[in-house]
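# Sequence plus the predicted model coming up.
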Amino acid sequence: MFIKVLQIVLHKVLDLLFQTKRHMQSTLSKFMLLKALFCISAGIILFITGLAKVASAFGHAEILSQIDPIFGVSFKVLMLLIGCVEIVIAFFCLCLRTQKVSMVLVAWLSSSFLFYRLGLQFIGWHRPCHCLGNLTDALHIPPPTVDIVMKIVLTYLLLGSYANLFWSWKKKRKSGVEALSSAEGPKSIS
């Protein structure tokens, strides 16, 4: 399955590069390329973190039996559910031709993660995030380091998705204003 997803991602990136290479003269194409590359990178990030969560949910780490202070379910259940959601959103990012749905989903998910982290801070939970589950133990990466990296990833997903949505909204609004002004026709001075 992982190889199939990797083939899809590679095919999409190559398609994008070849399509954009022909139209690289315009500024619009550069923005479209950046938008598409963000969508692909968000998909890859969410696929990896989702797989790590799902795999970790089937592990035997002590944290999995503890109850999450925000949702009141075990971390095992929470990691399994969130991991599956991340994989589904990664699929949307990597496989859909339209990026708007993907960007809305990434914005929703990253906003949810932000509010979750803020909620943990609010109740005084100051432990490092176990966002990648047992993967960090297997790679011998200290939890505080992973916590910082995941905060950077969260910022990237949050800012990138909202910037893409804003740019799409601005583009749509601009084209709507141009269509409205051309429909009015030239104004005569009397």
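In hand now; what should we look at?

# now the helices for this protein?
2-22, 27-57, 75-95, 100-122, 135-138, 143-184 (DSSP state H).

# Which of those has the lowest mean pLDDT?
The minimum mean pLDDT among these belongs to helix 2-22 (a mean of 62).

# and of the helices of the chain, who's closest to S65?
helix 75-95 (6.9 Å; C-beta to C-beta). Bear in mind the C-beta positions are built from the backbone N, C-alpha and C, glycine included.

# what's the angle between that closest one and helix 100-122?
Between helix 75-95 and helix 100-122, the angle comes out at 150 degrees (axes from the mean of the first three to the mean of the last three C-alpha atoms, to 10 degrees).

# buried ones in helix 75-95?
75-76, 78-80, 82-83, 85-87, 89-94 (16 or more other C-beta atoms under 10 Å).

# returning to what we had before: please produce CSV containing the helices of the chain, extended by distance to I67.
Converted to CSV, the helices of the chain look like this (distance: least, C-beta to C-beta, whole Å):
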stretch, distance to I67
helix 2-22, 32
helix 27-57, 15
helix 75-95, 8
helix 100-122, 13
helix 135-138, 21
helix 143-184, 19
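
# So for P69, which of those helices sits nearest?
Nearest to P69 among the helices of the chain is helix 100-122 (6.9 Å), distances taken as C-beta to C-beta.
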